[in-house]
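# Test case, fold it:
(2 chains)
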Amino acid sequence: MNFINSLQSEWMKTRRSAASWLCIIGASFLPVLFIVSFLKDHSTINDIHGQQNVWKIYFFQIWRFMAMAILPFGVILSSTLIAQIEYRNNTWKQLHTTPQSLTTIFTAKLLAIILMVVKFFIIFNIGILLSAIIPSLLFRHGLPTAAFPFYFFMEINLKIFISCLPVIAIQFLLSLQFKNFLIPVGVGLLLLVGSIILIFGWKYAYLSPYSYTILLVTGDKTKPLPVNIYAFSAGYFILGVVISYYLYLSKKDKS
Amino acid sequence: MNCIEAKALTYHFSEGEAVLNNIDLNIPNGSIYGFLGANGAGKTTTMKLLLGLLKKQQGDIRIFNQSLHENRQNILRRTGTFIESPSLYGHLTAEENLKIWRRIYQCSASNIKEVLELVGLSSTGKKKTAKFSLGMKQRLGIAIALLHKPQLLILDEPTNGLDPTGMIEIRDLLKRLNKESGTTILISSHLLSEVEKLVTDVGIIHKGNLLFQGTMQALQARQQQATNISIDTNDGQRALEIVSRNNIKASLQNGQLILPVTEREVMSRLNEQFVNEQIEVYQIKIVNNDLESIFIDLTKN
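This is a model prediction of the structure:
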């Protein structure tokens, strides 16, 4: 019960925060763009639903844009913004004098970030569906009438979500350590850009924890990666969280 | 019975000089304890140690007769805090801020309205706290400390930034809480005049050393003792010799003879001796040291 209260309090802090706005705007940006594009030139829908597996192609297309362009930046920024709420408002001292264990505070904060990413996924998925359904209803195209691949839909979401976990853990770690917001954001963006460069020029790019979201949507299916990137993602996530937890507990000044 | 007992608290930042040097604090149950010292004297460090915000290096802390190390959460459940500056989420309203802390303390929802009224912020509505004036922020910080009706309040310079009326209001509020609910209050300040009308007990800290600890009456008695007589003459040195011959301890300060308050007859006899020895006496006056100068004297020495 205590933990649920702590988690609720962490979630309440995100209300109207920059991270929350970023989540809503970032997640709805592409669906809105697709709706506008379909409404502007609705014949483009025909290009999609003329093919087999129409939903799958559509999902993959929109997810590819998202995973390459917006999601990694969004995860870096929102993870950092949520973790930094206490530094920005000078509230660590108040939080650390509440009757909660440090483990509860740490876990509730981390979970609030993960929930924000889940919220991002939910808004984006609703956006995907609406961006397909609204133009199709208006112009009587066949996209929504095709069988809905629910399993594929959940699978692609889960895979991309797992690929985000290392970024969440590392950004969380950096944000708890540095008071200056620019350091975790700067380091995060540097690692992301570095990973993008590595993906197109180095066969061991999968070693970078910031590469998985992009690797998932750019990979060549005829040449599968030599490693299981989901296992790597989970490994980096656990490692990041353990180091972050240790550093958080060992801070001498908790104000 | 003490609410807070700290023994031999010592704290160093890295390898440097001790910020706190063997501090013993005894804060009686139901008291309002004024913790005084100049900026950088070690007040905030002491308070942070009492709340476990800084890792204790040496010494022992007991609050509500429980070890802070072993019962931190239980102690914090009964303690309200305000350290250095108000802790507010600027993008939220006053009520939303309080809702966050209420969730953690699991106290009644009606407490929010109650504390907002207590600190005079019940009409702030949808205004975000980032747009509050310094005084309003300070009041909301105090409201957060009071939200769960704690038995102990630890307030670090809570009236900083408040106008005189605001200061009086907060002072009255704390007095009322202490009187009606028996709340023990530890309040720090760098100005004795700010808290002398409020506190029952005082601790004076300077450069990490506790120079005085006791009741306000004990400090006032010290003030009485520190009241002197100043005599202005044309020959201070000879006047000092005469006073010494009368077995009275005196000193020369800026040419003025300073001696403790004595009986009227003794003063009259001294004056007669000065005149007999052809020393011109220009002025004899009582020098009244107020509490503030006692505080300054203590910290200067």
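# who's in contact with the closest residue to B:Q106 other than its chain neighbours?
Sequence neighbours aside, A:N5 is the residue nearest to B:Q106 in space, at 6.1 Å (criterion: C-beta to C-beta, 6 or more residues apart in numbering or on different chains). From N, CA and C alone the C-beta is placed, and that goes for glycine too. Residues in contact with A:N5 (C-beta atoms under 8 Å, 6 or more residues apart in numbering or on different chains) are B:R103, B:I104, B:Q106.
# SS state for A:N5?
helix (DSSP: H, G, I helix; E, B strand; the rest coil).
# mind checking how far it is from A:W11?
Distance of A:N5 to A:W11, given as C-beta to C-beta, to the nearest Å: 11 Å.
# ok, back up a step: take the contacts of A:N5 and keep only those in helices.
Residues of the contacts of A:N5 located in helices (DSSP state H): B:R103, B:I104.
# May I see the ChimeraX selection of the buried members of the contacts of A:N5?
Only the buried members of those enter the following ChimeraX selection, criterion being 16 or more other C-beta atoms under 10 Å in any protein chain shown:
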select /B:103,104
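# got JSON lines for the contacts of A:N5, with pLDDT too?
Listed next are those as JSON lines, based on pLDDT from 0 to 100:
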{"residue": "B:R103", "pLDDT": "96"}
{"residue": "B:I104", "pLDDT": "96"}
{"residue": "B:Q106", "pLDDT": "95"}
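# for the chain, longest helix please?
Using chain A. In chain A, assigned by DSSP H, the helix with the most residues is helix A:102-139.
# switch to chain B, that's the one I care about
helix B:164-181.
# A:V75: which element?
Using DSSP states H and E, A:V75 falls within helix A:71-83.
# Does that helix reach chain B?
No - on the criterion C-beta under 8 Å from any C-beta of the partner chain, helix A:71-83 is out of touch with chain B, staying 10.8 Å away.
# how much space is there between B:D156 and B:I279?
Distance from B:D156 to B:I279, by C-beta to C-beta: 53 Å.
# Low-confidence stretches in the chain?
Just so you know, I chose chain A. For chain A, applying pLDDT under 70 flags the ranges A:1, A:42-52, A:140-145, A:219-223.
# not quite, I wanted chain B
Within chain B, the ranges that satisfy pLDDT under 70 run B:288-292, B:299-301.
# Which stretches in it count as helices?
B:43-50, B:72-77, B:94-105, B:110-118, B:134-146, B:164-181, B:192-195, B:216-225, B:236-245, B:264-276, B:291-300.
# Just the residues contacting the fourth one, thanks.
The set of residues external to helix B:110-118 that reach it, using C-beta under 8 Å, 6+ apart, is B:94-95, B:98-99, B:102, B:122, B:124, B:143-144, B:146-149, B:173.
# can you rerun that using 10 Å?
Here helix B:110-118 makes contact (C-beta atoms under 10 Å, 6 or more residues apart in numbering or on different chains) with B:94-99, B:101-102, B:105, B:108, B:121-124, B:139-140, B:142-149, B:169, B:173, B:176-177.
# which of the residues in that helix are buried?
Within helix B:110-118, the residues that count as buried by 16+ other C-beta under 10 Å are B:N111, B:I112, B:V115, B:L116, B:L118.
# which of those residues sit farthest apart?
Greatest spatial distance among these (C-beta to C-beta): B:I112 and B:L118, at 10.8 Å.
# could you list every residue that touches A:L192?
By C-beta under 10 Å, 6+ apart, A:L192 lies in contact with A:P72, A:F73, A:V75, A:I76, A:V167, A:S208, A:Y210, A:S211, A:T213, A:I214.
# between B:D156 and B:I279, who's got more neighbours?
Set B:D156 next to B:I279 and count neighbours by other C-beta atoms under 10 Å in any protein chain shown: B:D156 wins out with 22 against 17.
# roughly how far apart are the more buried one and B:Q283?
Where B:Q283 is concerned, B:D156 sits at a distance of 44 Å (C-beta to C-beta).
# now do B:L211
Going from B:L211 to B:Q283 by C-beta to C-beta gives 32 Å.
# re the thing from before, just the angle between the helix holding A:V75 and helix A:102-139, please?
140 degrees (axes from the mean of the first three to the mean of the last three C-alpha atoms, to 10 degrees).
# which secondary structure elements does the following helix or strand past helix A:71-83 contact?
On the C-terminal side of helix A:71-83, the closest following helix or strand by DSSP H and E is helix A:85-89. Where contact means 3 or more C-beta pairs under 10 Å, 6 or more residues apart in numbering or on different chains; DSSP states H and E, helix A:85-89 is packed against helix A:2-13, helix A:18-40, helix A:92-95, helix A:102-139, helix A:150-177.
# deepest of those helices, which one?
Neighbour counts (mean count of other C-beta atoms under 10 Å in any protein chain shown) averaged over each of those peak at helix A:92-95, with a mean of 23.
# packing partners for that one?
Using 3+ C-beta pairs under 10 Å, 6+ apart, helix A:92-95 is in contact with helix A:2-13, helix A:85-89, helix A:102-139, helix B:43-50, strand B:79-82, helix B:94-105, helix B:134-146.
# is it possible to export those to CSV including distance to A:L239?
Below are the helices and strands packed on helix A:92-95 laid out as CSV (distance: least, C-beta to C-beta, whole Å):
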stretch, distance to A:L239
helix A:2-13, 23
helix A:85-89, 24
helix A:102-139, 14
helix B:43-50, 32
strand B:79-82, 35
helix B:94-105, 30
helix B:134-146, 37
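# between the ones you listed, which gets nearest to B:K7?
helix B:43-50 (11.9 Å).
# quick one: contacts for the closest residue to B:I229 other than its chain neighbours?
Nearest residue to B:I229 in three dimensions, chain neighbours excluded: B:L259, at 5.4 Å (C-beta to C-beta, 6+ apart). Contacts here follow C-beta under 10 Å, 6+ apart; on that basis B:L259 touches B:228-231, B:239-240, B:243-244, B:246, B:248-251, B:266-267, B:270.
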